[in-house]
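Novice: Please find the sequence and the predicted model below.
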Amino acid sequence: GGAGAERGAEPPAPERVLFPPTFSVSEIKNKQRRHFMFVRWKQQQRKEKLALRKKRRKEREALGDKAPPKAVPKTIENQRVYDETTVDPNDEEVAFDEATDEFAPYFNRQTVPKILITTSDRPRGRTVRFCEQLSTVIPNSHVYYRRGLALKRIIPQCIARDFTDLIVINEDRKIPNGLVLSHLPDGPTAHFKMSSVRLRKEIKRKGKQPTEHVPEVILNNFTTRLGHSVGRMFASLFPHDPQFIGRQVATFHNQRDYIFFRFHRYIFKSEKKVGIQELGPRFTLKLRSLQKGTFDSKFGEYEWVHKRREMDTSRRKFHL
Amino acid sequence: VLSPQVVWDTLGNKQFCSYKIRTKTQGFCRNEYNLTGLCNRSSCPLANSQYATVREEKGECPALSPHTIGASVPLWGHLAPLLFPPGRCYLYMKTIERAPFPSRLWERVLLSKNYEKALEEIDENLIYWPRFIRHKCKQRFTKITQYLIRIRKLTLKRQRKIVPLSRKIERREKRREEKALIAAQLDNAIEKELLERLKQDTYGDIYNFPIHAFDKALQQQDEGSESESDVEKEEEEDEDKEETDEREFVEADDSDISDFEDMDKLETSSEEEQEDEEETEKKAHSKSKGKTPLKGPTRRKRPHLEIEYEKETEPAAKSKAS
């Protein structure tokens, strides 16, 4: 009755709708009417927005060269709180530090990386398969079953057998959820939280297994000192000379403190086009702590520990 | 002066007993002095005036004894149980003579640490007692010693540290990870990086894209002469089309033609190349490296050519097909 009549009267003039100043769509009690008014209000908003945009574009064209530059939208990366430990590429002190830290023998090509991959106690099928796939990705790596041995006893044995790195994949409730990466001749130990692990069969691609060629390594966005040291840790896992015939690349991409690992095969279709195909497992890591010596949870000297209450206060502050 | 039989008939058997827990098949007794843990006429400590149990109590903590008050004791860590050594076992006995004195009801005897000696002690103390109680006491004592041994062994091994997760934090981190993944645009970043490396010649001579240098040179040329080039381009296109047409008629290798075509018509063909290559990318990820398969532009131009030069190309096409 009344609602229908009103609706019949109003649609002919949707262009010029004048609402009384204290009117709010949400105060109408009748649901149908309220919905109708809301839809109309939305349409009006959209029209106004479009008109505004057109006007701005006309103004910009009219001004021509003198137009103010287009506003760059704010992103979290743009608004990132400036970290004082950001590495300047020309910094001498950093270069000197890197020349004398624990990875110097690797970067001077004195040592060849040899990696031991193991898990926590009693690994379940998924973790085991993940370890196997990881060992195909990282050349010169060996998977060993952990028979309830203490890490502190494993480490001297590894050093004796010339391993340079130790990876321990921690498992909880049948899924891998943590990664401990320890550089062996008393190098730093990094503890990561691992999430979204995808095994090879879960990745949507149609390809073959990765070959034995040494892959290239891409490390993106490791800007601060901490990021640098973590990046070097990852770099030291792979042998120095990648075999380009293999056309495989392992990527560690840091974005907002999450490190994404991907393993691809690429092909250059032209000099401006490259196609990539994902093989291999993928996972994301989040750094939890970085320890100076080898793995020692009680008496170790921690270089960096993620303290939630202090470090997670700002949404624009990142540490890697 | 409740006779045990009456107690059992009311509490244990029929009415409510607060220590009793019933399941479908069986009843259990929660009483701490119960010998077997089941709710039975012979195992109920309330319904038997002569009863005995074996229980273990915490041992004395050596570090916290009055002599070593000043020492700092690590109460955390997986070695904490060692400070309270599990176990000394006691034999508790209840006799009918002490029934009216509830505070003195249970008599306890410390059993020796030696297993066999302790069994003898049980026998001594429970001499002339019903066989059932004696037997069950010894069984219980055996079980207790076994699990105490196991506890001691396990505390020496590594123990899993259980870390509590905060649901809010987990949800927040998951969400942030998703957003970071979207912001990362991984595929683009990787492709850009690889192209950068190609430009900087890290791959050396593996990929021969000779076009690269010519590209730059031609760009520089064209920046100088923009106005004239339009007309010239059209003329060039026509000429080249004629040339390619003739070549197709004769039919040499496709790859040679493509190379020639590239060098001559870079600006016009680059966009078309990209469009075609996007199509081919979607079709198949071919793994053959090597020369740029620029059959796209040539394919696209053939229909054009056919339309313009009907007289010449049609017989050629027909001969090829047949």
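Specialist: Happy to help now that I have it. Numbering: from 1, shown residues only, chains lettered A, B, ... in the order given.

Novice: Domain map for chain A?
Specialist: A:25-61, A:90-312 (the TED database).

Novice: Of these, which stretch is the most buried?
Specialist: Neighbour counts (mean count of other Cβ atoms under 10 Å in any protein chain shown) averaged over each of the domains of chain A peak at domain A:90-312, with a mean of 17. Where C-beta positions appear, they are placed from N, C-alpha and C, glycine not excepted.

Novice: circling back to that earlier point, tell me which of the domains of chain A sits nearest to chain B.
Specialist: Evaluated with Cβ to the nearest Cβ, the domains of chain A place domain A:90-312 nearest to chain B, the distance being 4.0 Å.

Novice: Regarding that closest one, how distant is the last residue from the first?
Specialist: End-to-end span of domain A:90-312 (Cα to Cα, to the nearest Å): 30 Å.

Novice: Contacts (any at all) between chain B and that domain?
Specialist: Yes. Using Cβ under 8 Å from any Cβ of the partner chain, domain A:90-312 reaches chain B at A:121, A:148, A:150, A:195-196, A:207, A:216, A:218, A:220, A:244-245, A:247, A:249, A:251, A:253, A:255-258, A:260, A:262, A:264-277, A:284, A:286, A:298, A:308.

Novice: among the domains of chain A, which gets the worst mean confidence?
Specialist: Here the lowest mean pLDDT among the domains of chain A goes to domain A:90-312, at a mean of 89.

Novice: Helix, strand or coil: sort out residue 192 for me.
Specialist: Assuming you mean chain A. strand (DSSP: H, G, I helix; E, B strand; the rest coil).

Novice: and chain B, what are its domains?
Specialist: B:1-48, B:53-59+B:84-93+B:103-157, B:170-205.

Novice: Which one of the ones you listed lies nearest to chain A?
Specialist: That would be domain B:170-205 among the domains of chain B, by Cβ to the nearest Cβ, at 4.0 Å.

Novice: Run through the bridge partners of residue A:305.
Specialist: Counting by DSSP bridges, residue A:305 is bridged to residue A:289.

Novice: From what I see, it and residue A:287 are in contact.
Specialist: No. The criterion here is Cβ atoms under 8 Å, and residue A:305 misses it with residue A:287 at 9.8 Å.

Novice: sorry, back to before: so can I have JSON lines of the domains of chain B showing mean pLDDT and mean neighbour count?
Specialist: Shown next, in JSON lines, are those (pLDDT from 0 to 100; neighbours: other Cβ atoms under 10 Å in any protein chain shown):
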{"stretch": "domain B:1-48", "mean pLDDT": "89", "mean neighbour count": "15"}
{"stretch": "domain B:53-59+B:84-93+B:103-157", "mean pLDDT": "91", "mean neighbour count": "15"}
{"stretch": "domain B:170-205", "mean pLDDT": "91", "mean neighbour count": "14"}
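
Novice: and of these, who's closest to residue A:137?
Specialist: Across the domains of chain B, residue A:137 has its closest neighbour in domain B:170-205 (15.2 Å, Cβ to Cβ).

Novice: tell me the phi and psi of residue A:238?
Specialist: phi -100, psi 150 (degrees, to the nearest 10).

Novice: Isn't it up against residue A:250?
Specialist: Yes. Residue A:238 lies in contact with residue A:250 (Cβ under 8 Å); the separation is 6.8 Å.

Novice: could you pull out the helices for the chain?
Specialist: No chain was given, so I picked chain A. Using DSSP state H, the helices found in chain A span residues A:2-9, A:31-63, A:92-100, A:104-107, A:125-137, A:151-160, A:225-235, A:308-311.

Novice: wait, chain B
Specialist: Going by DSSP H, chain B shows helices at B:4-7, B:115-125, B:131-156, B:167-184, B:186-199, B:211-224, B:227-250, B:254-264, B:266-283, B:295-308, B:310-321.

Novice: Can you tell me how far residue A:185 is from residue A:105?
Specialist: 8 Å (Cβ to Cβ, to the nearest Å).

Novice: Over to residue B:21?
Specialist: 66 Å.

Novice: returning to that earlier point: with distance to residue A:20 as extra columns, can I get the domains of chain B in TSV?
Specialist: Formatted as TSV, the domains of chain B follow (distance: least, Cβ to Cβ, whole Å):
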stretch	distance to residue A:20
domain B:1-48	70
domain B:53-59+B:84-93+B:103-157	76
domain B:170-205	41
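
Novice: out of the ones you listed, which comes closest to residue A:76?
Specialist: Closest approach to residue A:76 among these is made by domain B:170-205 (7.0 Å; Cβ to Cβ).

Novice: Quick check: end-to-end length of that closest one?
Specialist: 49 Å.

Novice: got it, and stretch A:198-214?
Specialist: Span of stretch A:198-214 from end to end, Cα to Cα: 22 Å.
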